[in-house]
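Q: Whatever this is, show me its structure:
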Amino acid sequence: MFHVKHREENEGAAPDVARGQSADTCGCDEGDCASAFCAEHGQVADSAAPGVARGQVADARATGVARGRPARATGVARARLARAAGRPRDAASARLLARAARWARGEAVLCVAAVCALVSAAFVPPDAAYASYFDTRVLILLFCLMATVAGCKASGLFDVLAKALLQGDRPFRVVALILVMLPFFASMLVTNDVALLAFVPFSVLVLGHAGRTRSLAWVIVLQAVAANLGGMATPVGNPQNLYLFTRYHVGLDEFAAVLLPYVALAFVLLTGAALASGGGRAKVEVPLASNRVARGRALLHIALFALCLLAVARVVEPVALLVAVGAVLALFDRPALRAVDYGLLLTFACFFVFVGNMGRIEEVRHAFEGLVDANALITSVAASQVISNVPAAVLLSEFTGDWRSLLVGVDVGGLGTPVASLASLIALRIYLHADGANFGTFMAVFAVVNTAFLAAMLALCAAIG
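A: Alright, predicted model coming up:
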């Protein structure tokens, strides 16, 4: 190949120029330019004409290779190799981002709580007082309850019970009533979230086999309302009850006296709404993978659940409960530990940080105290519509001693918008995975039912005073 330095002199050379002339013309030692690479000029040499002996000249025109083309070809090849090497990394990054986006959508409340905690830390830098923010009793009780309930569910106990109640040929109104009342009563013991996770998929299965999918949105919306209002009955019925019961050291008799009137009204209204689900008969067949309960596993978790209830009633110390439940499950049922909703525990922890910091900012504290003092019940209902009732309970408890109004407000406030209660979002998510699901239909039914029930509950609040 011609040496770059003397391209002008050699371009006009005749095609029959003698081999070796290029090396003499450029002044390099003979053979240098014919080597693989000319170190002085950075020019590829022997790639122009493969098989040319060292020191020989390959006329670019004679060989049909344009001047400089090997260098450009090498650059293109390198660029292609670089792009090809980058594709796996790009694909891995895309998968990672998609996975993170799915996780964030599934843990939206946790993400909001984490952002709130981080922003508040900018105003109140971390110090020794942060350790006092966390209510470890609540976190321990939540963890143990979720683990034992997950074990009961995995044992097949809930499925077999539901099948026993529903299997057969009966009026559809009765089927709808049973489907609605299952989460209503179950939520009193296993929390509203777990009740819906257990029985909403069951409703999808039952109504699909019975050919009554047109009633699916109506029944599932009623189940969500039933779980939210049935969970009012006990301290373990939903997370905000457990938190407020623990924070204010409420007695079981006081707790029941405040909330049982609302639970009784909810039962009457839900019964009427379920019986209005439609006429006709439904032949219900419940195909289960197994018709048997894993008795050993079920008995183990029932015993642990009873221990949890004793801890809620302040008979057993939370630390002793944690040691017992952790040790037993680590030995006999590790999958139950993996089934715990750790996102909910982290959500509580983040809101503990946020609320603790807000309480140390005088201006914010005075503002919240003014709102809650004006009307704790309405403030808690309104806050629940925007940030959900669990965060509302944690936030507002920092600024009021009126636990009765706050308790009723966050429980009743679980009705209204879909974000008012995480249980409602769980019901919506399961419904949307069913065949024939329609988001618009669900939201229309949800708005009508929740507005009606919220109005009835607020009317009872006004009547009770």
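Q: For the closest residue to residue 106 other than its chain neighbours, the count of nearby residues, please.
A: If the residues on either side of it in the chain are set aside, residue 106 comes closest to residue 343, at 7.9 Å by CB to CB, 6 or more residues apart in numbering. C-beta here means a position set from N, CA and C on the backbone, and glycine is covered the same way. The tally of other residues near residue 343 (other CB atoms under 10 Å) stands at 15.
Q: Confirm that residue 343 sits in a strand.
A: No. Read with DSSP: H, G, I helix; E, B strand; the rest coil, residue 343 is helix and lies in no strand.
Q: my guess is it contacts residue 111, does it?
A: No. Counting by CB atoms under 8 Å, residue 343 does not reach residue 111; the two are 9.7 Å apart.
Q: returning to that earlier point: how much space between the residue nearest to residue 106 and residue 424?
A: Going from residue 343 to residue 424 by CB to CB, to the nearest Å gives 17 Å.
Q: confidence score at the residue most central in space within the chain?
A: In the chain, the residue lying closest to the centroid (CA atoms, centre = their mean) is residue 106, at 2.3 Å. Reported pLDDT at residue 106 in the predicted model: 71.
Q: Could you check how far residue 230 is from residue 284?
A: In terms of CB to CB, residue 230 sits 22 Å off from residue 284.
Q: how is this structure carved up into domains?
A: 4-67, 156-293+361-464 (automatic domain parsing).
Q: Could you find the closest non-adjacent residue to residue 351?
A: Per CB to CB, 6+ apart, closest to residue 351 is residue 394, 4.5 Å.
Q: Who are the packing partners of the helix or strand hosting residue 371?
A: Using DSSP states H and E, residue 371 sits in helix 362-374. Judged by 3 or more CB pairs under 8 Å, 6 or more residues apart in numbering; DSSP states H and E, helix 362-374 is in contact with helix 342-359, helix 376-387, helix 389-396.
Q: Give the buried residues for the longest one.
A: Same thing as helix 342-359. Buried positions in helix 342-359, judged by neighbour count with 16 or more other CB atoms under 10 Å: 344-345, 347-359.
Q: Kindly state the pLDDT recorded for the residue nearest to residue 106?
A: Looking at residue 343, the pLDDT reads 86.
Q: contacting residues around residue 140?
A: When contacts are counted by CB atoms under 8 Å, 6 or more residues apart in numbering, residue 140 touches 311, 318, 319, 321, 322.
Q: Narrow the residues you listed to those that are buried.
A: Here, 16+ other CB under 10 Å leaves 311, 318, 321, 322 buried among the contacts of residue 140.
Q: Next up, the contacts around residue 307.
A: 144, 316, 321, 324, 325.
Q: any weak-confidence spans in this protein?
A: 1-89, 286-291 (pLDDT under 70).
Q: quick one, the helix holding residue 371 and helix 376-387 angle?
A: With axes from the mean of the first three to the mean of the last three CA atoms, to 10 degrees as the basis, helix 362-374 and helix 376-387 are set at 120 degrees to each other.
Q: For helix 362-374, give me every contacting residue.
A: 358, 359, 379, 380, 395, 396, 398, 399, 400, 402, 406.
Q: Mind listing residues that contact stretch 331-339?
A: 146, 147, 148, 150, 151, 154, 297, 300, 301, 326, 329, 330.
Q: Please tabulate the contacts of residue 140 in TSV, including the columns secondary structure.
A: Below are the contacts of residue 140 laid out as TSV (three-state DSSP):
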residue	secondary structure
311	helix
318	helix
319	helix
321	helix
322	helix
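Q: What segments of the stretch 151-300 of the chain are helices?
A: 157-166, 172-190, 192-210, 216-230, 239-247, 252-275, 295-312 (DSSP state H, counting those that start in this stretch).
Q: Give me the helices and strands touching the second one, please.
A: I take that to be helix 172-190. Helix 172-190 packs on helix 136-154, helix 157-166, helix 192-210, helix 216-230, helix 252-275, strand 281-284, going by 3+ CB pairs under 8 Å, 6+ apart.
Q: One more: the first one?
A: Counting contacts by 3+ CB pairs under 8 Å, 6+ apart, the secondary-structure elements packed against helix 157-166 are helix 172-190, helix 192-210.
Q: That helix to helix 136-154, inter-axis angle?
A: Computed by the same axes, to 10 degrees, the angle between helix 157-166 and helix 136-154 is 60 degrees.
Q: so what's residue 432 closest to, chain neighbours aside?
A: Closest to residue 432 by CB to CB, 6+ apart is residue 439, at 6.5 Å.
Q: Would you check that that neighbour makes contact with residue 445?
A: No. The criterion here is CB under 8 Å, and residue 439 misses it with residue 445 at 11.1 Å.
Q: Looking only at neighbour counts, state which of the two leads.
A: More neighbours surround residue 445 than the other of residue 439 and residue 445, with 18 against 11 (other CB under 10 Å).
Q: Surely the more buried one is in contact with residue 221?
A: Yes. Residue 445 lies in contact with residue 221 (CB under 8 Å); the separation is 4.9 Å.
Q: before we move on, the earlier item: just the domains of the chain: most buried one?
A: Neighbour counts (mean count of other CB atoms under 10 Å) averaged over each of the domains of the chain peak at domain 156-293+361-464, with a mean of 20.
Q: distance between that one and the chain's centre?
A: 19 Å (CA atoms, centre = their mean, to the nearest Å).
Q: Who are the contact partners of residue 393?
A: So residue 393 contacts 240, 243, 244, 380, 406, 410 (CB under 8 Å, 6+ apart).
Q: distance of the fifth one from residue 192?
A: This means residue 406. In terms of CB to CB, residue 406 sits 18 Å off from residue 192.
Q: can you check the first one too?
A: Between residue 240 and residue 192 the distance is 10 Å, computed by CB to CB.
Q: before we move on, what about residue 343?
A: 16 Å.
Q: and what of residue 410?
A: In terms of CB to CB, residue 410 sits 12 Å off from residue 192.
Q: And residue 434, by the same measure?
A: 20 Å.
Q: Tell me the secondary structure at residue 460.
A: helix.
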